[in-house]
Structures are given as structure tokens and as C-alpha cells.
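Undergrad: Got a predicted structure plus its sequence, pasted below:
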Amino acid sequence: MDGPLPEWCERTCVVCPAQELGPGRFDVVDRPGPDFAYDRAVGWRVDPDGHPVCVHPYRVGMPPGRYASVGVPLPAPNVAVPAPSPAALELPTEVDDLEGWLVATLRVAAPEQLFTAVARAERQAGERFAPGVVVQTLRRVLSVELANR
């Protein structure tokens with residue numbers, strides 16, 4: 001498949017290569033980092049060699065792998081969606097990574113702890129980011145995450 005999977009448009013970040021590229025056309029790594037800078041010219045993160053990179057395996061539904069750059073075989077279609085790693089649960093320093101962190105935080109919350117997790121995440125994020133940005137990001141994340149539960 002050359003194009004993105006239909007569910008990726010809703011489940012991935014707006015700057016994820018999965019918004020435009022199909023499986024195997026980008027790499028998946030465990031988390032954002034300095035080696036995977038956002039390239040405004042192409043509209044997604046890239047590795048040092050310019051290969052497209054998704055930094056949220058739990059959002060794209062694929063385990064980390066160098067699918068495009070090295071040719072790692074794609075996982076079987078029925079593979080379980082990876083859980084967020086401990087690194088994905090660390091509050092980001094960049095506002096661009098806030099949405100991914102919120103998704104990770106909510107994905108690890110038990111259903112009966114969801115409201116507590118949202119309140120805790122809002123409080124933590126509010127210590128680092130502007131309240132308006134936090135609320136806007138929470139609304140966007142909750143609209144998708146609650147629908148997918």
C-alpha cells in the first residue's frame with residue numbers, strides 16, 4: 001500500500017508521515033529526540049539521513065522499526081498496538097510533543113482512573129505550557145481517545 005491507512009488520519013499527529021505515506025514508507029522510533037528533527041519543508045520529522053520518521057509507535061500502531069531506511073519487514077497486520085514506553089510518559093519540553101505525551105498518558109490509564117489521569121495530566125502540563133494550549137490539546141486528544149475506548 002502506497003498511501004496511509006484510513007485510521008491514521010485520526011490517530012496520528014498532524015505532522016506524522018503516516019498522514020501521507022503508507023506502511024513501510026517511514027521509520028517508527030520510540031520517542032521524539034534531537035536525532036529526529038521536524039523538517040518544515042516536508043512536514044514531518046526526519047532522521048539524520050532525511051528518512052521520514054514517526055515518533056509515536058503507540059499512535060501509528062506499529063512497533064519501532066527502520067522500515068523505510070533499512071527495509072525492516074513490516075509487522076503482521078494483527079500485531080498488538082505497542083504500549084507507550086516509560087520514555088513516552090515523560091512530560092516533554094517542546095509543546096509540539098504535548099499531544100503525543102497526553103495520548104500516552106491516557107493510554108496507560110485504567111478505565112476507572114481516566115478522570116484522575118486527565119486531571120493529573122492537565123496539572124502537570126500546565127506547569128510547563130500555557131493553559132490555553134493545554135486545554136486545546138486536551139480537547140483534541142480526548143475527542144479521539146474517548147471515542148476509541
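TA: That came through fine. Numbers count the residues shown, from 1 in each chain.

Undergrad: hey, where'd the helices end up in this protein?
TA: Under the criterion DSSP state H, the chain contains helices at 8-11, 57-60, 98-107, 114-126, 131-145.

Undergrad: what packs against the first one?
TA: Just to be clear, that refers to helix 8-11. With contacts taken as 3 or more Cβ pairs under 8 Å, 6 or more residues apart in numbering; DSSP states H and E, helix 8-11 sits against helix 57-60. C-beta coordinates here come from the backbone N, C-alpha and C atoms, glycine included.

Undergrad: Could you do the second one as well?
TA: In terms of contact count using 3+ Cβ pairs under 8 Å, 6+ apart, helix 57-60 is assigned the packing partners helix 8-11, helix 98-107.

Undergrad: The nearest residue to residue 70 once chain neighbours are set aside and residue 74, how far apart?
TA: Nearest in space to residue 70, with sequence neighbours left out and distances taken as Cβ to Cβ, 6 or more residues apart in numbering, is residue 27 at 8.0 Å. Distance, residue 27 to residue 74, using Cβ to Cβ, to the nearest Å: 12 Å.

Undergrad: Between the two, which has more neighbouring residues?
TA: Between residue 27 and residue 74, residue 27 has the larger neighbour count (other Cβ atoms under 10 Å), namely 24 against 14.
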